[in-house]
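[1] quick one: sequence plus predicted model below, questions after.
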Amino acid sequence: ILNVEQSPQSLHVQEGDSTNFTCSFPSSNFYALHWYRWETAKSPEALFVMTLNGDEKKKGRISATLNTKEGYSYLYIKGSQPEDSATYLCACPNAGNNRKLIWGLGTSLAVNP
Amino acid sequence: DAGVIQSPRHEVTEMGQEVTLRCKPISGHNSLFWYRQTMMRGLELLIYFNNNVPIDDSGMPEDRFSAKMPNASFSTLKIQPSEPRDSAVYFCASSTGTLGSNQPQHFGDGTRLSIL
């Protein structure tokens, strides 16, 4: 089973700051990478699913890039707002026949007003 | 457009009791996933159904856990007998894709289970 790692574990920024965090995964047998946003007391919400090396996706102030050759994805938030406070999870399908999503432990972002 | 609906939202019960969690996936989604979330392990996949058929139950902790999907619009996760270590948040998710596909998963609000 592959290992999906996220860093940092937690992050505190001021309102208006831009920030980014990382999801690392094995580069061999890459299939797809999922990013989810998980607000406290709510359920995970899909942000992006990325499949192509060099892919870049954007949703409002949030964007993500993907490097499948070196095995990482960055999530960027431009001009963070308090409502961006959440845990951001990434996940990759496992290699081989068992393609269940393997989830990172998330980056917990707190945006201070 | 209703999302994934889970019930109950909260369940508190005593050790040894049977617990049944319910899930209604999004209409038209052919894949359903049951997850358990704990502080130590994050999100763990318990079982995955595709077209109502259990495909991967390798994440089910032990025989006390069972899941069914009698039709495309309903699934249950049952714990019998329950133990305090089963306390966690249980999520149901559905998707138009198969296991590990490039389709996003849509999550319900979860059931917060506490076993005393």
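    Here it is on my side, so go on. Residues are numbered from 1 along each chain as shown, chains lettered A, B, ... in the order given.
[2] okay but A:Phe30 is in contact with A:Gly71, surely?
    Yes: shown here, A:Phe30 and A:Gly71 form a contact pair, counting by Cβ atoms under 8 Å, at 7.5 Å. (Each C-beta comes from the backbone N, C-alpha and C, glycine too.)
[3] how much space separates A:Ala91 from B:Asn30?
    Distance of A:Ala91 to B:Asn30, given as Cβ to Cβ, to the nearest Å: 19 Å.
[4] and those two? Which one has more around it.
    Looking at A:Ala91 and B:Asn30 with other Cβ atoms under 10 Å in any protein chain shown, you find the greater number of neighbours at A:Ala91, namely 25 against 15.
[5] quick check: next helix or strand after the host helix or strand of B:Leu46?
    Secondary structure here is read from DSSP states H and E; on that basis B:Leu46 sits in strand B:42-50. Under the assignment DSSP H and E, the closest C-terminal helix or strand after strand B:42-50 is strand B:53-56.
[6] pairing partners for that next one, with directions?
    Strand B:53-56 has its sheet partners listed here by DSSP bridges as strand B:42-50 (antiparallel).
[7] how far does the strand it pairs with sit from the chain's center?
    Put simply, strand B:42-50 sits 7 Å off its chain's centre (Cα atoms, centre = their mean, to the nearest Å).
[8] and for stretch A:102-113?
    Between the centre of stretch A:102-113 and the centre of its host chain there is 9 Å, according to Cα atoms, centre = their mean.
[9] before we move on, what about stretch B:66-86?
    7 Å.
[10] mind listing what's buried in it?
    For stretch B:66-86, the buried set under the neighbour-count rule, 16 or more other Cβ atoms under 10 Å in any protein chain shown, comprises B:67, B:69, B:72, B:75, B:77, B:79, B:82, B:86.
[11] what pLDDT does the model give the third one?
    Confidence at B:Ala72, expressed as pLDDT, is 94.
[12] the lowest-mean-pLDDT helix or strand in chain A: partners in the sheet, and parallel or antiparallel?
    Among the secondary structure pieces of chain A, namely its helices and strands, strand A:101-103 has the lowest mean (mean pLDDT, DSSP states H and E), a mean of 86. As defined by DSSP bridges, the strand partners of strand A:101-103 come to strand A:86-93 (antiparallel).
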